[in-house]
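> quick one, fold the following:
(chains A and B)
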2 protein chains.
Amino acid sequence: MRITIIGIGLIGGSMAIKLKESGFATEIIAVDNNDDHCRIALEKGLADQVMTLEDAITISDLIIVAIPVDATLVLLPRLLSLINKQAVMDVGSTKQMICEAVKDHPKRSRFCATHPMWGTEYSGPLAATVNAFSGKAAVICNALESDGDVLDTVKTLYAGLNMHLVTMDAKAHDVHTAYISHVSHITSFALANTVLEKEKEDDAIFELASGGFESTVRLAKSNPEMWVPIFEQNRDNVLDVLNEHISQLKKFKACLEKDNYEYLAALIKNANSIERIIK
Amino acid sequence: MRITIIGIGLIGGSMAIKLKESGFATEIIAVDNNDDHCRIALEKGLADQVMTLEDAITISDLIIVAIPVDATLVLLPRLLSLINKQAVMDVGSTKQMICEAVKDHPKRSRFCATHPMWGTEYSGPLAATVNAFSGKAAVICNALESDGDVLDTVKTLYAGLNMHLVTMDAKAHDVHTAYISHVSHITSFALANTVLEKEKEDDAIFELASGGFESTVRLAKSNPEMWVPIFEQNRDNVLDVLNEHISQLKKFKACLEKDNYEYLAALIKNANSIERIIK
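Numbering: from 1, shown residues only, chains lettered A, B, ... in the order given. Okay, the predicted model is just below:
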């Protein structure tokens, strides 16, 4: 199968590696408006060719859209108007506005809305890695709006990446990702800013940063070009969760202010039960 | 050198492994009021013998206190009254109250207050690991209050664990650790509670939890027996940082509420500069 990847960055590039390795892709064509990324993709062997969007579409069986979600919102309707019988999928971190944008498009059924639940704090084709996706969930949204053959292609692709499939509607997806991904990023960004605010006064923090700190703050390296559009498109859910998170933090604050260490222990014990969700 | 480790858990046990391996310890004696921990320590070879505190002290050159900081506060003055010329060190996550507790003790100079900046979300001797400490900072506080030979022993010990030494006074230590360790734990606990609050309604979250989420929330598995006393002893600094963190989170909230995505991008760009601190 000939596959075009639009946006040969962390996600697109990491997919390219596995799709070639497994033989699912006989050829990978990269489309990217960043010339450096195109060059690196060719050098690293992520792509066999670089083409313009129009040229790539005509010779491809599957087109994967792996660009920031604001760009996806603009590109996707145009892309569906350009295709014939090709399959199209996206891999964006929001799903409701993207599905909404092509809801009434005559080629809607050639599109499958997906979200592989993997990423790192790095971006660009140099960050693409062979150790991606495996063991994580791939979400397919609004599956009934896609043609059977498109769904089959997408399912086979994710099975090849060793991901387990989860199906849900786009609205539910955006609620869940607000909880388990988007607000994690906001807490990391905010924690980084908290420390950086302090660090103006003293840089002993540099020397002391430990494993626990690194793991909580590593997401704070994630880039704004990707994340601002995610927060914008999932604004209402993110705000809901952020309000809940701030009120949970205020419970810890109240315990300390009132020297109520019994309730503090109860809050921590409750948090410990997250072990049920993450090993 | 014959070393007694009081509290043969994650930290004490991990130290034991390396101290034996390097030859720095000719014999490790475990003192622990948890019989299971004593048994596991002997089975795993973390300790050569298990003894009562009194028996262990008399035959040891160095005594390492590796128990929760509330227990340290009670034990340490008693321990200093029992020793002769032995060296004593602790490894607790708070330093000011511990140093205060022995400030006027006639044997104060036989004690060195330390904090190796390493840990995991797990506890107990089964969690002890050979891959501990290396490359991290070991803090020595109020060094001028310790005898030269005690300091030399502690420095050699930490060099053998492949840690780099940082010296500061106990007060500064507690300010810094509030930023880079204690509040990271509170944000993790609160994020776990946020998700668990939601999960009552729906458990799709189980299936979706991704790497980013796991890394932000893993600290939430840390146990209350260790952490409540840390928060209690470092209450004022933790409250300061927690207030700052909540106000940083509110900036993100305000950006979303006001649809101010330009300022949101600026907040994220600022957070990105945490790269200077963590690689």
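> contacts, neighbours, all on C-alpha from now
Fine.
> so does stretch A:11-27 get close to chain B?
No: on the criterion C-alpha under 8 Å from any C-alpha of the partner chain, stretch A:11-27 is out of touch with chain B, staying 14.1 Å away.
> and that stretch, how far out from the chain's middle?
18 Å (C-alpha atoms, centre = their mean, to the nearest Å).
> just the buried residues of that stretch, please?
Residues of stretch A:11-27 classed as buried by neighbour count (16 or more other C-alpha atoms under 10 Å in any protein chain shown): A:11-20, A:24-25, A:27.
> dump those to CSV, plus secondary structure.
Formatted as CSV, those follow (DSSP: H, G, I helix; E, B strand; the rest coil):
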residue, secondary structure
A:Ile11, helix
A:Gly12, helix
A:Gly13, helix
A:Ser14, helix
A:Met15, helix
A:Ala16, helix
A:Ile17, helix
A:Lys18, helix
A:Leu19, helix
A:Lys20, helix
A:Phe24, coil
A:Ala25, coil
A:Glu27, strand
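> of all the residues you listed, which comes closest to chain B?
A:Ile11 (14.1 Å; C-alpha to the nearest C-alpha).
> how about the strands in the stretch 151-279 of chain A?
A:164-168 (DSSP state E, counting those that start in this stretch).
> any stretches of it with poor pLDDT?
A:199-204, A:210-211, A:279 (pLDDT under 70).
> do that again at 80, thanks
The stretch 151-279 of chain A contains residues with pLDDT under 80 at A:198-207, A:209-215, A:276-279.
> what does the stretch 1-150 of chain A have sitting close to chain B?
So the stretch 1-150 of chain A meets chain B at A:117-120, A:136-137 (C-alpha under 8 Å from any C-alpha).
> contacting residues for the residue nearest in space to the middle of chain A?
With distances taken as C-alpha atoms, centre = their mean, chain A has A:Ser93 as the residue nearest its mean C-alpha position (4.2 Å). Neighbour list for A:Ser93: A:69, A:115, A:177, A:230 [criterion: C-alpha atoms under 8 Å, 6 or more residues apart in numbering or on different chains].
> again, 7 Å this time
Neighbour list for A:Ser93: A:115, A:230 [criterion: C-alpha atoms under 7 Å, 6 or more residues apart in numbering or on different chains].
> now do A:Val150
A:87, A:110, A:112.
> how many neighbours does A:Leu46 have?
Neighbouring residues of A:Leu46 were enumerated by other C-alpha atoms under 10 Å in any protein chain shown; the total is 27.
> quick one: it from A:Leu10, how far?
11 Å (C-alpha to C-alpha, to the nearest Å).
> unless I misread the structure, A:Glu100 falls within a helix.
Yes: remark: A:Glu100 belongs to a helix, assigned using three-state DSSP.
> quickly note the distance from it to A:Thr72.
Counting by C-alpha to C-alpha - A:Glu100 and A:Thr72 are separated by 12 Å.
> with neighbour numbers in mind, choose between the two.
Between A:Glu100 and A:Thr72, counted using other C-alpha under 10 Å, A:Thr72 has the larger neighbour count: 21 against 12.
> tell me the pLDDT at the more buried one?
For A:Thr72, the pLDDT comes out at 98.
> then the one 4 residues further on?
With respect to pLDDT, A:Leu76 has a value of 98.
> could you look up the SS state of it?
helix.
> contact partners for the closest residue to A:Ser273 other than its chain neighbours?
Distances taken as C-alpha to C-alpha, 6 or more residues apart in numbering or on different chains put B:Lys221 closest to A:Ser273, at 7.5 Å, once the chain neighbours are dropped. Contact analysis of B:Lys221 by C-alpha under 7 Å, 6+ apart lists A:271-272, A:274-275, B:121.
> by contact count, what packs against the helix or strand containing A:Ile5?
Remark: A:Ile5 resides in strand A:2-6, with elements defined by DSSP states H and E. When contacts are defined as 3 or more C-alpha pairs under 7 Å, 6 or more residues apart in numbering or on different chains; DSSP states H and E, strand A:2-6 packs onto strand A:27-31, strand A:62-65.
> A:Met51: which of those is closest?
Closest to A:Met51 of the helices and strands packed on strand A:2-6, according to C-alpha to C-alpha: strand A:27-31, at 5.7 Å.
> hey, C-alpha coordinates of the closest one in CSV?
C-alpha atoms of strand A:27-31 as CSV (Å, rounded to 0.1, in the frame of the first residue of the first chain):
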residue,chain,number,x,y,z
GLU,A,27,6.1,3.3,-0.2
ILE,A,28,5.9,6.3,2.1
ILE,A,29,5.5,9.8,0.6
ALA,A,30,6.0,12.8,2.8
VAL,A,31,4.2,16.0,2.4
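> now do that strand and strand A:2-6, the angle between them.
20 degrees (axes from the mean of the first three to the mean of the last three C-alpha atoms, to 10 degrees).
> ok, then the element right after strand A:27-31?
Taking DSSP H and E, what comes next after strand A:27-31 is helix A:35-43.
> now do whichever helix or strand comes after that following helix: distance to the chain's middle.
Next helix or strand after helix A:35-43 toward the C-terminus (DSSP H and E): strand A:49-50. Taking C-alpha atoms, centre = their mean, the mean C-alpha location of strand A:49-50 is offset from the chain mean by 24 Å.
> so A:Ala128 makes contact with A:Met15?
No: under the criterion of C-alpha atoms under 7 Å, A:Ala128 is not in contact with A:Met15, lying 8.3 Å apart.
> got the buried residues for stretch A:31-43?
For stretch A:31-43, by 16+ other C-alpha under 10 Å, it's A:31-32, A:37-38, A:40-42.
> which stretches of the stretch 51-200 of chain A form helices?
A:53-58, A:69-82, A:96-102, A:148-160, A:170-177, A:183-199 (DSSP state H, counting those that start in this stretch).
> out of these, which is the most enclosed?
helix A:183-199 (a mean of 24; mean count of other C-alpha atoms under 10 Å in any protein chain shown).
> how big is the angle separating it from helix B:183-199?
160 degrees.
> helix A:183-199 to helix A:170-177, inter-axis angle?
Going by the same axes, to 10 degrees, helix A:183-199 makes 40 degrees with helix A:170-177.
> just the CA coordinates of helix A:183-199, formatted as CSV?
Extracted C-alpha coordinates of helix A:183-199, given in CSV (Å, rounded to 0.1, in the frame of the first residue of the first chain):
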residue,chain,number,x,y,z
VAL,A,183,-4.8,18.6,31.8
SER,A,184,-1.6,16.6,32.6
HIS,A,185,0.1,18.9,30.2
ILE,A,186,-1.3,22.1,31.8
THR,A,187,-0.2,20.9,35.3
SER,A,188,3.3,20.3,33.9
PHE,A,189,3.5,23.7,32.2
ALA,A,190,2.2,25.4,35.4
LEU,A,191,4.6,23.5,37.6
ALA,A,192,7.5,24.4,35.3
ASN,A,193,6.4,28.1,35.5
THR,A,194,6.2,27.8,39.3
VAL,A,195,9.8,26.6,39.5
LEU,A,196,11.1,29.1,36.9
GLU,A,197,9.4,31.9,38.9
LYS,A,198,11.4,30.8,41.9
GLU,A,199,14.6,30.1,40.0
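> contact partners for A:Val183?
If you count contacts by C-alpha under 7 Å, 6+ apart, then A:Val183 has A:238, A:241-242 around it.
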